[in-house]
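**Q** I would like to see how this sequence folds:
(chains A and B)
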Amino acid sequence: MNKLSATSQSFVDACSISETELPWLNSLKKCGIEEFSKVGLPTLRNEAWRYTSLKQLERLDWQKVAEDYEVGELSWLTSGDSYKLVIVNGKFNYSLSEISGFPEGAFIGSLSEALGSHSELLETHLGRIATSKDSPLLALNASHMADGYVILLSKVQLTKPIEILNVGRTDGQAIAYHPRNLILLDQLSRATIFERCTGQNTGSYFMNSGTEIFVDQGSHLQHHRIFADGPEAIGVASTGVRVGSDANYTSLVLSDGGKLLRNDVRIHLSASGAETKLGGIYLADDGQHVDHTVLIEHEMPHTKSEQLFKGVLSGKARGVFQGNIRVHEGADGSDGQLTNKTLLLSPGTEVNSKPQLEIYADDVKCSHGSAVGELDEEELFYLRSRGIPYTQAKSILVESFLSEVIDEFNLGELADTFHQRITDWIRAD
Amino acid sequence: MLKINNLHATVDGKEILKGIDLAMGFGEVHAIMGPNGSGKSTLSYVLAGRDGYEVTKGEVLYKGKNLLEMKPEERAGEGVFLAFQYPVELPGVSSMNFLKAAVNAVRKYRGENELDAMDFLKFVRETTKMLNITDDMLKRAVNVGFSGGEKKRNEILQMAVLKPILSVLDETDSGLDVDALRIVGDGVTALRSPHRSMLVITHYQRLLDHIIPDEVHILADGKIVRSGGKELAVELEEKGYSRYTADAA
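**A** Alright, predicted model coming up:
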């Protein structure tokens, strides 16, 4: 066994597993700590982490979240009519959440509550969609699993969206937390979720989240996310999704915050007719590192995936995109499309784009494309020759480059929010 | 209004303009005709301020100011407009938003109030009708999927709404059929006024049937080799450029 780094060891030491809790949960956590102890935090030698180093974690002494932090004013994206969840430093906050009127028979609330009320359902899903073997970070997350949000819908079509706000907040001490979230939709359920990660002040926090999603039996989930963590935040968001028969998982992700973000998504298209559509927009400036890593597993015939990721990097930002479409043996008639484009606004930026196809089936329709470029001089000149000042011309071109992604998704009133974030980012650049 | 004195310019280290002299007054229309490679497009880009076109000698005075010191957007604000030979496609930028951004940018530069969406719509309506530009074209991305004629009409629309004082039309007739040529010609003619000057750069005489010039200059090998009235264009059409290119060579 390798010797763990001091930071990895401190995460192992910080893990306390109670013997009094549910036996299956207990073994899930133990299994997590076992897996994590074998390898520790991933290094660049780990193929999946070749372009993203977590060395920054070694510089600080990460503490557990001890007390309930005061929360500043919260801003919401959805106007009045929505269910609202607030999670502060990984802990579900009931007093700030607004979940009254949630349909009968469905569940929305904290992981700790769901463990009491829906233990059997959680036992069959938790740790099985995103497993501790998938990545060391998920193993670490499993071992520390304490709270997070849970949404359970069966035969329920929500008419109002759910807005989830993950707040990171620390007033000095560097804190680490590992929320575990679960979303289950089956039997023709439908839901739209807008989820955001935000930082409320400039302290250091390490958010290592694990989210498991199962969309089954003709259900549709729209899950749109914004990662806008604080300037000193290190975020690893691991998401495992299983899409069942004739079900659909649609997700647009925008990231513009944090010091380092790894958005790690693995989707299993596990039954015929399963579909997923993913969009990504990443904006990074001086000193930021952003990594979007997506693995799509076409496990069954007649499954479909689409990915469109576009990013804009400025200053000395570093961007990583890894997109892999894996078509398993027998998954004939699969359709997988992947496009990644990155625009570099300054010479100090660096991007690694690695699209991949692994095909073990026949008669599939798959393609991938990747492009990295700068702003087109001719287009800039055309705009400027019409009187539009340089910075505005630049902003028009960047917005139009990214709007293509937003236009692919039916965001309703939230479309403006996404456009606005882009405009604000360009203005601040 | 415009005075070009001994203008020399290089592109990629190669001298293309070799001492151009030209003077235009307010309200005048001058045509610059010349064979391919004579420097016509280079002259238009130098006037509009494109990067990569280095002026090595000479000056350009526009309304008494040094034009060459201004950024492209400042030139537009001051009233210089270039109708591109090859209008640039802007994927994802709607024509309407582009026009509005341009109009408001020059209005701001000129100290006028910016137009809101409603006022702007009213403002462009008349012009679009005259140039046979449909609402559908305004909704589409700038020049993307436009036919040659649509692109050129779109250039004239921009010219009309930006109200320039000096318009440079770079081969605006290229790629146009007879009908499109007439629409463009009428559009440009409608914009003629005692305050506005136009520099019409063209290879053929046919556009000048629609836009009657006050003076015609022949550009060959980076220099103006002959100037005259509108009859010079007709003469060129009959006899061709060969004697000028031979002279230059």
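
**Q** so the residue of chain B found nearest chain A, which of the three states?
**A** Proximity of chain B to chain A (Cβ to the nearest Cβ) peaks at B:G92, 3.1 Å away. Every C-beta, even on glycine, is put in place using the N, C-alpha and C of the backbone. Following DSSP: H, G, I helix; E, B strand; the rest coil, the label given to B:G92 is strand.

**Q** likewise B:L208?
**A** helix.

**Q** Any regions of chain B where pLDDT drops low?
**A** Applying pLDDT under 70 to chain B flags residues B:246-249.

**Q** Can you pull the residues of it lying near chain A?
**A** B:48-51, B:71-73, B:75-77, B:81-82, B:84, B:87-88, B:90-93, B:97-98, B:101-102, B:105-106, B:109, B:141, B:158, B:162 (Cβ under 8 Å from any Cβ of the partner chain).

**Q** Now, the residues you listed that are in strands?
**A** B:F81, B:L82, B:L90, B:P91, B:G92, B:V93, B:A141 (DSSP state E).

**Q** Quickly list what the last one is bridged to.
**A** B:A141 has these beta-bridge partners by DSSP bridges: B:S94.

**Q** before we move on, the earlier item: filter the residues of chain B next to chain A to the buried ones?
**A** Among these, those classed as buried by 16 or more other Cβ atoms under 10 Å in any protein chain shown are B:48-50, B:72-73, B:75-77, B:81-82, B:84, B:87-88, B:90-93, B:97-98, B:101-102, B:105-106, B:109, B:141, B:158, B:162.

**Q** Neighbours of A:D363, how many?
**A** 9 (other Cβ atoms under 10 Å in any protein chain shown).

**Q** What residue, apart from its backbone neighbours, is nearest it spatially?
**A** Among residues not flanking A:D363 along the chain, A:D332 sits closest, at 4.9 Å (Cβ to Cβ, 6 or more residues apart in numbering or on different chains).

**Q** what's near enough to touch the one you found?
**A** A:P301, A:H302, A:A361, A:D362, A:D363, A:V364 (Cβ atoms under 8 Å, 6 or more residues apart in numbering or on different chains).

**Q** hmm, back to that, the buried ones among the residues of chain B next to chain A in helices, which ones?
**A** B:48, B:72-73, B:75-77, B:97-98, B:101-102, B:105-106, B:109, B:158, B:162 (DSSP state H).

**Q** Tell me the residues on chain A that lie near chain B, please.
**A** Residues of chain A lying close to chain B (Cβ under 8 Å from any Cβ) are A:377-379, A:381-390, A:392-393, A:396-397, A:399-401, A:403-404.

**Q** ok, residues contacting the helix or strand hosting B:G19?
**A** If you go by DSSP states H and E, B:G19 is part of strand B:14-24. Strand B:14-24 has contacts (Cβ under 8 Å, 6+ apart) with B:1-10, B:30, B:39, B:42-43, B:46, B:56-58, B:166, B:197, B:199, B:217, B:219, B:221-224.

**Q** that older thread, counting neighbours, which of the residues of chain A next to chain B end up buried?
**A** Buried by 16+ other Cβ under 10 Å: A:379, A:381-389, A:392-393, A:396-397, A:399-401, A:403-404, out of the residues of chain A next to chain B.

**Q** Which of these fall within helices?
**A** When DSSP H is applied, these are split such that A:379, A:381-384, A:392-393, A:396-397, A:399-401, A:403-404 fall in helices.

**Q** residues contacting residue 174?
**A** The chain I'm using is chain A. Contacts of A:A174 by Cβ under 8 Å, 6+ apart are A:L60, A:D61, A:W62, A:Q63, A:G203, A:S204, A:Y205, A:F206.

**Q** The chain in question should be chain B.
**A** Contacts of B:S174 (Cβ under 8 Å, 6+ apart): B:Q85, B:G148, B:H203.

**Q** what would those residues look like in TSV with neighbour count?
**A** Converted to TSV, the contacts of B:S174 look like this (neighbours: other Cβ atoms under 10 Å in any protein chain shown):
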residue	neighbour count
B:Q85	20
B:G148	14
B:H203	17
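
**Q** Can you tell me which of those residues is nearest A:E35?
**A** B:G148 (63.3 Å; Cβ to Cβ).

**Q** Was I right to think the closest one contacts B:L176?
**A** Yes: in this structure, B:G148 is within contact of B:L176 by Cβ atoms under 8 Å, at 6.6 Å.

**Q** how near is A:I175 to B:Y86?
**A** Computed with Cβ to Cβ, to the nearest Å, the distance linking A:I175 and B:Y86 is 57 Å.

**Q** With A:K3 instead?
**A** 64 Å.

**Q** Distance check, B:K239 against B:R226.
**A** In this structure, B:K239 and B:R226 are 12 Å apart, going by Cβ to Cβ.

**Q** who has more neighbours, these two?
**A** Shown here are B:K239 and B:R226; by other Cβ under 10 Å, B:R226 has more neighbours (16 against 10).

**Q** dump the residue contacts of that one.
**A** Counted by Cβ under 8 Å, 6+ apart, B:R226 has contacts B:H217, B:I218, B:L232, B:Y244.

**Q** got it, and A:I99?
**A** So A:I99 contacts A:Y83, A:K84, A:L85, A:I108, A:G109 (Cβ under 8 Å, 6+ apart).

**Q** who's more crowded, A:I175 and B:Y86?
**A** Comparing A:I175 with B:Y86 by other Cβ under 10 Å, the one with more neighbours is A:I175, at 23 against 14.

**Q** re earlier: over to the residue nearest to A:D363. Which of the three states is it?
**A** For A:D332, the secondary-structure state derived from three-state DSSP is coil.

**Q** Distance check, it against A:S18.
**A** 47 Å.

**Q** Just the closest residue of the stretch 251-400 of chain A to chain B, please.
**A** Closest residue of the stretch 251-400 of chain A to chain B, Cβ to the nearest Cβ: A:S400 (3.1 Å).

**Q** Would you mind measuring from that residue to B:L82?
**A** Distance of A:S400 to B:L82, given as Cβ to Cβ: 22 Å.

**Q** Check A:S385 too.
**A** Distance, A:S385 to B:L82, by Cβ to Cβ: 6 Å.

**Q** buried stuff in stretch A:9-29?
**A** Under the neighbour-count criterion of 16+ other Cβ under 10 Å, stretch A:9-29 has A:S10, A:F11, A:C15, A:I17, A:L25, A:L28, A:K29 buried.

**Q** Taking those residues, tell me the two that lie furthest apart.
**A** Most distant of the buried residues of stretch A:9-29, by Cβ to Cβ, are A:S10 and A:L25, 23.2 Å apart.

**Q** And the contacts of stretch A:100-119?
**A** Under the criterion Cβ under 8 Å, 6+ apart, residues A:22, A:25, A:83, A:85, A:92, A:94, A:99, A:122, A:145-156, A:158, A:162, A:179-182 lie in contact with stretch A:100-119.

**Q** Sorry, slip of the keys, the one I care about is stretch B:79-86.
**A** Contacts for stretch B:79-86 (Cβ under 8 Å, 6+ apart): A:382, A:385, B:41, B:44-45, B:47-48, B:62-63, B:67, B:152, B:155-156, B:158-159, B:162-172, B:174.
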